[in-house]
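A.B. asks: this one's sequence-less:
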C-alpha cells in the first residue's frame, strides 16, 4: 500500500494523493476507493446536500457514486444507473463495499429510466461515455479505438443522454456534465447544445488549482494531467 493521509486533494474533504491496489484490504473493505483527482471533481461540483434525490446516470464502475453517497450521508436517495449489465455488476459491488444504505442500482437505458422518473431528481451527474482521449496517458489501447468519426459518434450519443437526463430533472434542479476527453465536440459544443436546445442556464463553477476555463467559455472547467 502506497498511500497516507498526509497529502490531501484541495477540493475534497476526504480525498488524498497516493496509490492503492484493488487487492488491498482497505479497498475490498470499502475504506478506500482509488480514482484520478479529475474524476473526483464532478461529484464535488454537483453540490449535493443531505436529503437530495440524486441520479448518477452513467455510473459504472462507481467512483463518483461512492462520492455522491458519502455527500448524502445516508439521507435522501441516490440512483446509480449503468446501461451495461456487466459493468452494472461492478457498480453494485463497489457500492455494497461502500456500505451506503440509500442507494438503488439500476441497469437501464436513459430513455426507459426517464419514462419512469419524470422531473424526479434534484441533482443529476452525467459522466458521459466519450472518446476517452484522457485515457491515452495510461492506457495504450485507448489510442487504438480512437478516430475522428468516433468522436462524432460519441457526441451524438451524449446529446441523446443529456436530452433524457433533462426529462428527469426537477424544474429548479442542476446537472453536472463531465467527460474524460479533450475534444470540443464532446465538451464545449455539448454545453452550447444544453443552453441552445435544452434551454438550460449555465451556473458558475469554482475553479480549483490545476483547472483552466474552457475554450471561449469560462463556465466550462478543464483539468489536465500536468
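C.D. replies: Received the coordinates, thanks. Being a predicted model, the structure only gives us computed values, none of them experimental.

A.B. asks: can you give me the strands for this protein?
C.D. replies: All strands of the chain, identified by DSSP state E, fall at 2-8, 16-19, 53-56, 77-81, 103-106, 121-127, 169-178, 211-214, 217-223.

A.B. asks: Take these and write them to a markdown table, including distance to residue 151 and mean neighbour count.
C.D. replies: For glycine as for every other residue, the C-beta is placed from the backbone atoms N, C-alpha and C. Listed next are those as a markdown table, based on distance: least, Cβ to Cβ, whole Å; neighbours: other Cβ atoms under 10 Å:
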| stretch | distance to residue 151 | mean neighbour count |
| --- | --- | --- |
| strand 2-8 | 35 | 10 |
| strand 16-19 | 31 | 12 |
| strand 53-56 | 24 | 26 |
| strand 77-81 | 24 | 23 |
| strand 103-106 | 28 | 19 |
| strand 121-127 | 17 | 23 |
| strand 169-178 | 16 | 17 |
| strand 211-214 | 17 | 14 |
| strand 217-223 | 16 | 17 |
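
A.B. asks: Would you reformat those as JSON lines and include distance to residue 63?
C.D. replies: Formatted as JSON lines, the strands of the chain follow (distance: least, Cβ to Cβ, whole Å):
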{"stretch": "strand 2-8", "distance to residue 63": "15"}
{"stretch": "strand 16-19", "distance to residue 63": "14"}
{"stretch": "strand 53-56", "distance to residue 63": "10"}
{"stretch": "strand 77-81", "distance to residue 63": "11"}
{"stretch": "strand 103-106", "distance to residue 63": "14"}
{"stretch": "strand 121-127", "distance to residue 63": "9"}
{"stretch": "strand 169-178", "distance to residue 63": "12"}
{"stretch": "strand 211-214", "distance to residue 63": "19"}
{"stretch": "strand 217-223", "distance to residue 63": "15"}
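
A.B. asks: and those strands, which one is worst for confidence?
C.D. replies: Least confidently modelled of these is strand 2-8, at a mean of 80 by mean pLDDT.

A.B. asks: what does that one contact?
C.D. replies: Residues outside strand 2-8 that contact it (Cβ atoms under 8 Å, 6 or more residues apart in numbering): 15, 16, 17, 18, 19, 20, 32.

A.B. asks: for stretch 150-157, same thing?
C.D. replies: Applying Cβ under 8 Å, 6+ apart, the contact partners of stretch 150-157 are 128, 129, 130, 131, 181, 183, 185, 186, 189, 190.
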